[in-house]
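[1] Generate coordinates for the sequence data below:
(one chain, ligands or ions: 2)
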Amino acid sequence: MKHFDLAIIGTGSGNAIPEELNDASIALIEAGRFGGTCLNVGCIPTKMYVYPADVIEDAKAAHELGVDLSYHGVDLPLLQDRIFGRRIDVIAEGGERYRKDECPNITVFSDMARFTGDKTIEVAGEHITADQIIVAAGSRPQIPDLVTDSGVPYYTNEDIMRIERLPKRLLILGSGYIATEFAHVFSALGSKVMVTGRSDVLIKHQDRDVAVRFTRAARERWDVRLGQETTGLTKDGDTITLTFADGSTATGDALLVATGRIPNGDRLNLAAAGIDTHGDGRIKVDQHGRTSAAGVWALGDVSSPYQLKHVANHEARVVFHNVTHPEKLRSFRHDALPAAIFTHPQIASVGMSEQEARDAGYDIAVATQNFGDVAYGWAMEDHVGFSKIIADKKTGLILGAHLMGHQSAILIQSLIQAMALGTTAKQMAEDQLWIHPSLSEVIENCLLGLEL
Ligand SMILES: Cc1cc2nc3c(=O)[nH]c(=O)nc-3n(C[C@H](O)[C@H](O)[C@H](O)COP(=O)(O)OP(=O)(O)OC[C@H]3O[C@@H](n4cnc5c(N)ncnc54)[C@H](O)[C@@H]3O)c2cc1C
Ligand SMILES: NC(=O)c1ccc[n+]([C@@H]2O[C@H](COP(=O)([O-])OP(=O)(O)OC[C@H]3O[C@@H](n4cnc5c(N)ncnc54)[C@H](O)[C@@H]3O)[C@@H](O)[C@H]2O)c1
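    Residues are numbered from 1 along each chain as shown. Ligands and ions are numbered 1, 2, ... in the order given. As a prediction, the model looks like this:
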């Protein structure tokens, strides 16, 4: 049985091995594509699709500015070659080669790992042991039984980005992050898109005002079916039909399933190693990333309540520090947590929604500011963008911020910083100059609108 100082399961965030471990013997185990979800089938290729989709939408809206731009279609093979041929696959293959050929302390196992006992893993027909183990096994698409039982072919984020032809009509099951990002991409490129969810709004986990305004904007671009349980799924020739509980139907040429992601712990035989899980399958960890089994750590989607790459990266930094400095443990920081949905209009958020702040018992001030009411918004002819800030009347601190509109993911960063550093809303508004007439005046005005 081979023994290592450290074994790592998963090469997404698990591959962020610090130089401090250059002298440690490490088993690095990867069953799929080297580099994990974000690189291969997640954040990065999706955003490389979103950017051209944004350009197309801007061109389509340019007539409002008195500019005549038109969209004549996409060269899909060229677009995909730009994403995968010139960037993603090169990085994934290069990363794997580097670990295999240039890191003498690292042994790469390209197969599925499972625990067979305390700190013991079976991989590629071998049993290996390690003093410490990091489980960074990520998550995978959750496919409803209705879909698998139907036998109807479907795409997920894992294969739709390599689709050979743009579908004329794309059906999307789900109404969260992945559904609304791909709905934006495919409708911009030229597909007719139908999105369906069970609640009364898209992106239901966002602040209610954002979800309601986004849903209203989305209905102008996509066929949006909400409050609907999908009860039937059939394929006749090339046509796929979804049937809803109220008897209505939607037809398309391709189906994308985007109904959430489940952590991969269920495929690791965790019980054999004494590793406990939550009811939803996530590995239980404490604030330092320790599992219930001594010497076994977990990070990222396999254990975190937040399936976000910047969270997984942060957790990886904490866990790698803790593995190398057991006497000086660091903790995960999940407060002032930001996220963005790269759909159209773009969504960004940090901290609590208005409802969460009320439920937590805060006495709050809330302000909103439309992009269309500042000078740059006039320049853009913006009709949909807005910001919403929630602050604690007692301390003046910002509890949450929510943006919808042009480059929201960038605009929100100053609010993330204020929350992380404990700057009050008043300090943030008044103790700095805001560039006129930039879109950041939306944030300035929104802060000034808070009745604190
Ligand atoms: C379409 C999509 C878009 C996204 N966009 C964003 C975004 O814009 N911003 C953002 O913050 N987040 C985004 N995310 C979420 C982000 O990708 C994940 O939160 C992040 O990649 C999780 O990293 P991880 O290291 O925990 O897992 P992963 O990157 O999934 O790595 C886990 C690795 O473990 C391997 N593995 C699993 N089980 C085993 C086993 N038993 N043996 C060996 N290997 C195993 C897997 O093959 C995988 O390579 C997106 C996700 C998706 C699906
Ligand atoms: N920009 C980003 O940061 C980004 C982008 C993509 C994904 N992600 C991460 O990946 C996670 C997974 O994304 P996702 O979009 O799959 O999940 P999600 O949780 O955002 O949305 C899934 C939606 O599908 C609905 N749903 C579940 N079963 C259904 C069914 N049978 N019929 C209809 N609707 C159903 C859920 O109620 C939910 O609203 C996200 O939560 C996010 O953390 C992040």
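[2] rest of the way, CA atoms for contacts and neighbours
    Fine.
[3] What lies in contact with the strand ranked longest in the chain?
    With secondary structure taken from DSSP state E, the chain has its longest strand at strand 126-135. If you take C-alpha atoms under 8 Å, 6 or more residues apart in numbering as the criterion, strand 126-135 is touched by 1-10, 14, 119-122, 295-299, 302, 323.
[4] List only buried entries from those.
    The neighbour count (16 or more other C-alpha atoms under 10 Å) marks 4, 6-10, 14, 119-122, 295-299, 302, 323 as buried among the contacts of strand 126-135.
[5] and the residues you listed, which of them are in strands?
    4, 6-9, 120-122, 296-298.
[6] Which member of those is positioned nearest T424?
    The closest of those to T424 turns out to be A298 (C-alpha to C-alpha; 34.7 Å).
[7] Quickly list what the residue lying closest to the closest one once chain neighbours are set aside is bridged to.
    Leaving out its chain neighbours, the residue that sits closest to A298 by C-alpha to C-alpha, 6 or more residues apart in numbering is V135, at 4.5 Å. Under the criterion DSSP bridges, V135 forms beta bridges with I9, A298.
[8] mind checking how far V135 is from Y306?
    16 Å (C-alpha to C-alpha, to the nearest Å).
[9] ok, those two, which is more surrounded?
    V135 (24 against 15; other C-alpha atoms under 10 Å).
[10] Look up the pLDDT of the more buried one for me, please.
    Listed pLDDT for V135 reads 99.
[11] where do the helices sit along the stretch 51-200 of the chain?
    76-80, 89-102, 145-150, 177-189 (DSSP state H, counting those that start in this stretch).
[12] quick one: average confidence on the first one?
    It refers to helix 76-80. Averaging pLDDT along helix 76-80 gives 98.
[13] Report the buried residues of that helix.
    76, 80.
[14] tell me the phi and psi of the residue nearest to T231 when sequence neighbours are not counted?
    Leaving aside its sequence neighbours, T231 sits nearest to F244 (C-alpha to C-alpha, 6+ apart; 5.3 Å). Dihedral pair for F244: phi -100, psi 170, per degrees, to the nearest 10.
[15] ok, now the one 10 residues further on?
    With angles defined as degrees, to the nearest 10, A254 sits at phi -150, psi 150.
[16] tell me the contacts of it?
    Taking C-alpha under 8 Å, 6+ apart as the criterion, A254 is in contact with 154-155, 167, 169-171, 240.
[17] Tell me how far it lies from ligand 1.
    Using C-alpha to the nearest ligand atom, to the nearest Å, one obtains 17 Å as the distance from A254 to ligand 1.
[18] ditto for G174
    Counting by C-alpha to the nearest ligand atom - G174 and ligand 1 are separated by 13 Å.
[19] I figured that residue hits T196, correct?
    Yes. The pair G174 / T196 is scored as a contact, 5.7 Å apart, by C-alpha atoms under 8 Å.
[20] okay, the two: which has more neighbours?
    T196 (25 against 21).
[21] and the closest residue to the more buried one other than its chain neighbours, backbone torsions?
    Leaving aside its sequence neighbours, T196 sits nearest to R225 (C-alpha to C-alpha, 6+ apart; 4.6 Å). Per-residue torsions, R225: phi -110, psi 110 (degrees, to the nearest 10).
[22] what stretches of the stretch 301-450 of the chain score poorly on pLDDT?
    Of all residues in the stretch 301-450 of the chain, none has pLDDT under 70.
[23] how about the residues of it that lie near ligand 1?
    Contact residues (C-alpha under 6 Å from any ligand atom) of the stretch 301-450 of the chain with ligand 1: 301-302, 307-310, 312.
[24] Recalculate using a threshold of 5 Å.
    Proximity of the stretch 301-450 of the chain to ligand 1, by C-alpha under 5 Å from any ligand atom, involves residues 301, 307-309.
[25] on that earlier part again, flag every buried residue along the longest strand of the chain.
    Residues of strand 126-135 classed as buried by neighbour count (16+ other C-alpha under 10 Å): 127-130, 132-135.
[26] and which of those is nearest to D363?
    Closest to D363, out of all of these and judged by C-alpha to C-alpha, is V135, at 40.9 Å.
[27] where's F115 relative to Q206, distance?
    F115 is 37 Å from Q206, by C-alpha to C-alpha.
[28] next one: A429
    For A429 relative to Q206 (C-alpha to C-alpha), the value is 25 Å.
[29] Next: V374.
    Counting by C-alpha to C-alpha - V374 and Q206 are separated by 24 Å.
[30] Ok, T243 next?
    27 Å.
[31] Which one of those two is surrounded by more residues?
    Comparing T243 with Q206 by other C-alpha under 10 Å, the one with more neighbours is Q206, at 20 against 17.
[32] host element of the more buried one?
    Using DSSP states H and E, no element contains Q206; it sits outside every helix and strand.
[33] ok, it - contacts?
    349, 353.
[34] and stretch 36-45, how far apart are its ends?
    Terminal residues of stretch 36-45 are spaced 12 Å apart (C-alpha to C-alpha).
[35] Can you give the contact residues for it?
    So stretch 36-45 is contacted by 10-13, 33, 83-84, 88-89, 92, 138, 157-159, 161, 309 (C-alpha under 8 Å, 6+ apart).
[36] show me where the stretch 101-250 of the chain has strands.
    106-109, 113-117, 120-123, 126-135, 139-141, 169-173, 192-196, 223-225, 230-236, 239-244, 249-252 (DSSP state E, counting those that start in this stretch).
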